[in-house]
Structure formats: C-alpha cells, structure tokens
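> Give me a 3D structure for the following:
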Amino acid sequence: MARRFCALWLSAALALVLGGCATLSSPQREAAAAVAHAARSAEVDCQRMDACALVSPLREMASTAWKASKPNAPQHKVLILDDAPDALLARIHLIRSAQKSIDLQTYIFDEDDAAQLVLDELQAAAFRGVKIRILIDQLAALRKVETLAALTALHVNLELRVYNPVFDRARFSAPMYAVAALCCLRKLNRRMHNKVLVVDGLVGITGGRNYQDDYYDWGESFNFRDRDLLLAGPVVAEMEANFNTFWASHRSVPAERLGDVARFLHDNGPPPAPHHPYRKPERVRALLADVDNAEVLNAHFIAPALSVGRVHYVADLPIKHRSDGDTQRDDSLPLGFTSRQLMQLIRDADQEVLLQTPYLVLSESAQQLFRELHQQADAPRVRISTNSLAATDAFITYAMSYKYKRRYLRDFGFEIHEFKPFPADAPFELGATGANLPQPAPPPAASAVPGATHSRRERQLAKRRLSEDPVSEAGRPSPFASSGGLPVRLKSAGMRMGLHAKSMVIDDRIGVVGSHNFDPRGDELNTEGAVVIEDANFAQHLAASILRDMAPGNAWTIARREGTPYLSGVEFNLAKLSEKTPIFDLWPIKYATSYDYVEGPDCPPTTQPQSPFASDFRRCNQPVGDFPEVDIGLKWLGVRLFTGFGAGLAPIL
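Model prediction:
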C-alpha cells in the first residue's frame, strides 16, 4: 500500500513539475528540430583553406612534435596551465587558430563573462568555416533554454549535444531536480565529468576547469585554484577518439530534440544568436589584446612548455553508465577504467604519493588500497593537498572528510595540508579581479544563529547562481546544492580561493592531471579523464606546483590533537568508536585538528610543508582549531550534523 501511494505521489509530482514541457508530440518535436535545422546559416565569412585562422606558435609547436614522433618514440610538448587567466587565453587563442575542427566537452558551461567569451569565439569560428561540436552534461548545460535553442539554429558548422538528459530536457528547475532525485536517482547520478578541448586534432587542453568565471580568476568573491594541461602531439588523437565515442553515444542527445528546447523552438521559432553584454568588458578587452601578442604567447606558452616522450590519456567511456536493461551494454569494456589506472599507479609507488584533490572522500576500494600501502614494511610517504572548510565550495563533502581524519592519519599515514581561503602565495592576480584584500567581515544581520547569514551581496550572488543551476561546483549533483554549493561564511571578508585541481605525482617520475577527484563519484558514477606522463622533469614541475599549495602560508596542516592530561587515551577511544558509527557520531572531540606555522626566533620563514609526524612538529606549529577562519553559523552546524549523521552519503559525495 505504501509503495503504491509513493508511486502515485511521484506520478503526480512528475506531472506537476513537467507541466506543459512534455506535451509535444513526436511529429511536433520533429517539426521543431526541422525549424532549427532550416534556420541554420550556411554562409561562411572566409574562403581561404585555413579558414582565416590566426597564425599560432602553438600550432607550430604541435606540428613540430607530430613530425618528430615515431610509432615507438612519440614526442610531445606539455604545458602546465596553473595561471587561470592564461588558461582562458590559451583556449581563446586555440579557438582562433582553428582551421578545420573544434571539439569541446565539459561538465559546466555557464553564461557569465568567461563562458560568454568562449561561446562568442566558437560562434565566430563556425562562421569562418570551422566545424564545432559542443558536448555538455545536462546538469550545467548553459543557464537558459533560449540560449540552447539559439545555438541549435545558428550555423550548419555548429552542433550541440547534451549528455544523459533526465526527463528528456536540457534544463530543469529545482523542483524537477528534487523529483528526479526521488524517482530517477540512478540516472541523475551518472554524470559526464570529463573536460576536453581539441583543436584540429593537433592541440588539446584537459584538466579540471569548466567554463565559468570562477575557474579563470573572474569570480567576484570566490575563485578556484585549478590546473589544466595543454598538450601537443600524438596523445591528442587519443583525446579526440574518446570525445568521438561520447559524441556517438545514445546518451548524447542533440539539444534541439530535447523537450524544453523543442518546445521553445515550436512556440517561438529560432531566437537570435546568443550574446549577452559582458559584465566587465574591460577585462575581456585586456585578454583579447594578448591573443595574438607574440611576446606574451612566447613567454607564457612556448618558453615554459616541456618536451616529453610517451603520454597516455586514460578516460572512461559512456559504457560506464550502462544499466541492466541497456541494449548497448558490453562487458568487454572496462568499468571505471580511469580509477583502475590511477589506483594501479598508487599501488606501484615506491617512495611517495603526492595527491591533490579538492574533496578528500575516498571510496572503499581506495581506502583499502591506502591501508595496504601503509602496512607495507617500507611504506611510501603519502602527502595530500586538499581544501579546508574555509576554502571548500562543498561543505557537506568536507564533513565526511572531517569525520575520518583519524583514519586518514593513523591507518593510512596521510600528511594532510588543507588549503587556506586567503593563501599568502598562490598563482592568482588579485589586482586583475578588482577584488579587495581580506579584511574583518562586517557583523552579520540579526539572526537567531550567529553567523548564519551572508552579506547582502553574497546572498544576491548565491540566489542568482543557485536558483538557476541546481548543481554544486563540486562537480557532483546534490539535493543539498542550495546550501552545500555556497562556501561557508568566514571571519574575514575579501576575495577567497578554493582548490579545484586534481593531480598526482608518483615517486617524482610520473605526473597525472585530470578531472578525477579521487573520490567515490569518480570511481563509480562519473565518467572521468586524466593525462598520465612518465617523465621525471614534468613530474618534478608538477610536484613543485602542488607543494606550493601545501606551503605553510597557503595551507594548514592536520595533525593529532594534544590530549587532555590523564584522559587522552579515553578521548582517543571514544572518538574512534564514534567515528565507526554511520550515525550518531556525536563525540565532540575529534582525533585531529588544524595547525598553523608560527614564525619566531627558532622558526624561520619557510615554504616547506610541515610533516605532522615530525618529532619537532609542535615547536613551530600551533593549533588553530578544527575549522580555522570559519565564522560559527548554520554551515558550521551543518558540517557537524553531516559528520554525525551523513556517513551513508559518502558513496555519492
């Protein structure tokens, strides 16, 4: 009876939230798609064979690498894109240099300045004669149905597909999202998290960045510390082949054939080409001024590029999202291929695993791997760079990491360094954003819970972002996105940063950069991709970048809390027992806390990450509490609640 009632309730909810969106008949939908196809322009602004492409030193670098490569001795050029404005500049430059094709695959494509700039450049390339294919995951496939409809009708050279659409729609509202979480959680949870840009099959970019201001230091109050790789050489063909597999998948649906886009086209006809005025046009002009600046391009992209040999692109396929009733199921293809490859690299480590992830929540298989690694007679050192609560964009995920700090330190031997929201030294140009330096936050408005409210500007930004896009920037769907996707309130105000880079270095000889967060979602639900480079020079450059984020000025170190005299053993056992319970983990004193390096006569300035296991660790490192910089409020309370009762959510975090 209860099951029947739930089914009836869900049916009613579906009918309510979908409303008129599902009323288009098949002939009407075909007619709407035909409207889009008929409206597509076939005019080309350039008649030259090179599509009037920008002359590019990056293309020349790629051509040289391709020509020098042999089947058994590939040659590549690789550039670590740490600097966020450079990551955007490289993308715009490559789009303008395209002569034949551009393939873009992403999880988030917003409609703010950075995303609009990329969209403008893609449209211009289509009119030059370049074939454009855009593949976006449904949960963040642009903000407006009108924009999607306009792109489907823009030009014969531009195609747009949406991956794994729930309810046969490109976009859905928060109520639809809630219903989807109840009725269709399996499909809702299976997301395409890969990020790839391939130009002419010659040059590619992959890593952690989406298309949104926050990934390019253009955010107003929060920006991500992220990382991409620019690659030139044969590995780009592997990236393109993987993209082609996703593009051909039955889960990648032409946007004009989705219910809401088709409805818009049916009712309104094709809208004009999408372009919204830039919020800050001056920074767009400044970036575009460098697109063909030979001096800038050489200094930022050509000179620092590294020569390497063999490079592998390991990536999941859409088959990872197979289901029991899937007619395209193929058991010969690996499930969780990217995770398996990364775990094998860790398993083979001899000396050190250096891992950077924004969300330190491990799957059961990953926990078992690190437990076995730590139990070896000559166990490799494991150092972790991750977010603090003050820096993260996903406080619920942090709550699970906080719950297992004892396990991470004692059972796995992790040396954990949590990124500060206001790092002293980071690859970030504060002046370019026009943002303010950190300063004490103004007192919050009257509230029943101190610190429970954000500033009026923060609330406006949050409302604009979260009401339109029910997906956390954590790269995962979440029924708690309206609260979990906004950083916690801090004691200081100003431009803050959070880690979003996903990278790993093994034994200073293998480097990995990709989209995989090394979390349960990446292992079991999302499709992911990563570049693996076996080259000591590259690995050491990557390690230096990660270690910079772990320096005392940029990160707090997690270490064992000093116990209360005579009660430390009791406290430890109670905390351990509480941690093991999936619910009611309510013991208030946790095993570990955060420490900050304090300079003094015996503690000179240093950029070296501090090991919590060093015998003299406490000589220069002082405890600063479990959640330094965080203002006590509802988000803080939420962390404690999810730590106590949310262990069951770990597999989808």
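
> Number of residues surrounding residue 391?
Residues lying near residue 391 (other CB atoms under 10 Å) number 30. In short, each C-beta sits where N, CA and C put it, glycine included.

> no wait, residue 304
For residue 304, using other CB under 10 Å, the count is 12.

> and if you look at the one 3 residues further on?
Residue crowding around residue 307 was assessed by other CB under 10 Å; the count is 15.

> which residues touch it?
Taking CB atoms under 8 Å, 6 or more residues apart in numbering as the criterion, residue 307 is in contact with 75, 76, 77.

> sec struct for the last one, please.
If I follow you right, that is residue 77. Classification of residue 77 by DSSP: H, G, I helix; E, B strand; the rest coil places it in strand.

> beta partners of it?
residue 232, residue 307 (DSSP bridges).

> Going by distance to residue 535, which of the contacts of residue 307 wins?
Using CB to CB, residue 76 is the member of those that sits closest to residue 535, with 9.0 Å.

> For the closest residue to that closest one other than its chain neighbours, which residues are in contact?
Spatial nearest neighbour of residue 76, excluding adjacent residues (CB to CB, 6 or more residues apart in numbering): residue 233 at 3.4 Å. Residue 233 makes contacts with 62, 65, 66, 69, 74, 75, 76, 77, 311, as judged by CB under 8 Å, 6+ apart.

> now residue 69
Contacts of residue 69 (CB under 8 Å, 6+ apart): 75, 76, 233, 234.

> returning to that earlier point: so can I have TSV of the contacts of residue 233 showing distance to residue 193 and pLDDT?
TSV is the format used below for the contacts of residue 233 (distance: CB to CB, whole Å; pLDDT from 0 to 100):
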residue	distance to residue 193	pLDDT
62	26	96
65	28	96
66	29	94
69	29	95
74	27	96
75	30	97
76	24	98
77	26	98
311	21	97
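
> which of those residues lies closest to residue 542?
The closest of those, once distances to residue 542 are taken by CB to CB, is residue 311, at 13.0 Å.

> Pull the contacting residues for the nearest residue to the closest one once chain neighbours are set aside.
Of all residues not flanking residue 311 in the chain, residue 235 sits nearest, at 4.1 Å (CB to CB, 6+ apart). By CB under 8 Å, 6+ apart, the contact set of residue 235 is 74, 76, 204, 311, 312, 313, 531.

> can you put those residues in CSV and add distance to residue 346?
Converted to CSV, the contacts of residue 235 look like this (distance: CB to CB, whole Å):
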residue, distance to residue 346
74, 25
76, 24
204, 25
311, 19
312, 16
313, 19
531, 16
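
> most neighbours, which of these?
Neighbour counts for these, by other CB under 10 Å, peak at residue 204, which reaches 28 neighbours.

> bridging residues for residue 596?
In beta-bridge terms (that is, DSSP bridges), residue 596 pairs with residue 622.

> oh sorry, the question was meant for residue 102
Beta-bridge partners for residue 102, by DSSP bridges, are residue 132, residue 199.

> Verify the stated contact: it with residue 124.
No - using CB atoms under 8 Å, residue 102 is not in contact with residue 124; the gap is 11.1 Å.

> So the two - more neighbours on which side?
Neighbours around residue 102 and residue 124, counted as other CB under 10 Å, are more numerous at residue 102. The numbers are 24 against 13.

> how about that one, what does it touch?
Shown in contact with residue 102 (CB under 8 Å, 6+ apart): 95, 122, 125, 130, 131, 132, 133, 197, 198, 199, 200.

> what kind of secondary structure is the first one in?
Going by three-state DSSP, the secondary structure assigned to residue 95 is helix.

> Find the nearest non-adjacent residue to it, please.
Per CB to CB, 6+ apart, closest to residue 95 is residue 121, 4.5 Å.

> so the one you found is in which element?
helix 113-128 (DSSP states H and E).

> shaky segments in the chain?
Scanning the chain with the threshold set as pLDDT under 70 gives 1-23, 323-335, 427-486, 563-589, 633-653.

> and if we set it to 80?
Filtered on pLDDT under 80, the chain yields the residue ranges 1-23, 172-174, 177, 322-336, 426-486, 563-590, 632-653.

> residue boundaries of the helices in the stretch 51-200 of the chain?
57-68, 84-97, 113-128, 145-152, 174-183, 185-189 (DSSP state H, counting those that start in this stretch).

> Off-centre distance for the second one?
Here the centre of helix 84-97 is set off from its chain's centre by 18 Å, with CA atoms, centre = their mean, to the nearest Å.

> between it and helix 57-68, what angle do the directions make?
On the basis of axes from the mean of the first three to the mean of the last three CA atoms, to 10 degrees, helix 84-97 is oriented at 70 degrees to helix 57-68.

> what is the orientation angle of helix 84-97 with helix 113-128?
Angle, helix 84-97 to helix 113-128, by the same axes, to 10 degrees: 10 degrees.

> And the residue nearest to residue 76, how far from residue 62?
Distance of residue 233 to residue 62, computed by CB to CB, to the nearest Å: 7 Å.

> Among the helices of the stretch 51-200 of the chain, which comes closest to residue 420?
Nearest of the helices of the stretch 51-200 of the chain (CB to CB): helix 84-97, 17.4 Å.

> Look up which residues are beta-bridged to the spatially closest residue to residue 115 that is not a sequence neighbour.
Distances taken as CB to CB, 6+ apart place residue 211 nearest to residue 115, at 4.3 Å, with adjacent residues excluded. In this entry, residue 211 is beta-bridged to residue 109, by DSSP bridges.

> what about residue 211, how many neighbours?
Neighbours around residue 211, by other CB under 10 Å: 28.

> what is in contact with residue 233 and residue 62 at once?
residue 77.

> how many neighbours does residue 367 have?
For residue 367, the neighbour count with other CB under 10 Å is 15.

> just residue 619 next, same as before
By other CB under 10 Å, the residues close to residue 619 number 12.

> Tell me who's in contact with it.
By CB under 8 Å, 6+ apart, the neighbours of residue 619 are 602, 603.

> if I look at it, how far off is residue 556?
Using CB to CB, residue 619 is found at 17 Å from residue 556.

> just residue 408 next, same as before
15 Å.

> helices or strands up against the helix holding residue 121?
helix 84-97, strand 101-106, strand 131-137, strand 158-163, helix 281-288 (3 or more CB pairs under 8 Å, 6 or more residues apart in numbering; DSSP states H and E).

> So for residue 113, which of those sits nearest?
Taking CB to CB, helix 281-288 is the member of these nearest to residue 113, at 6.4 Å.
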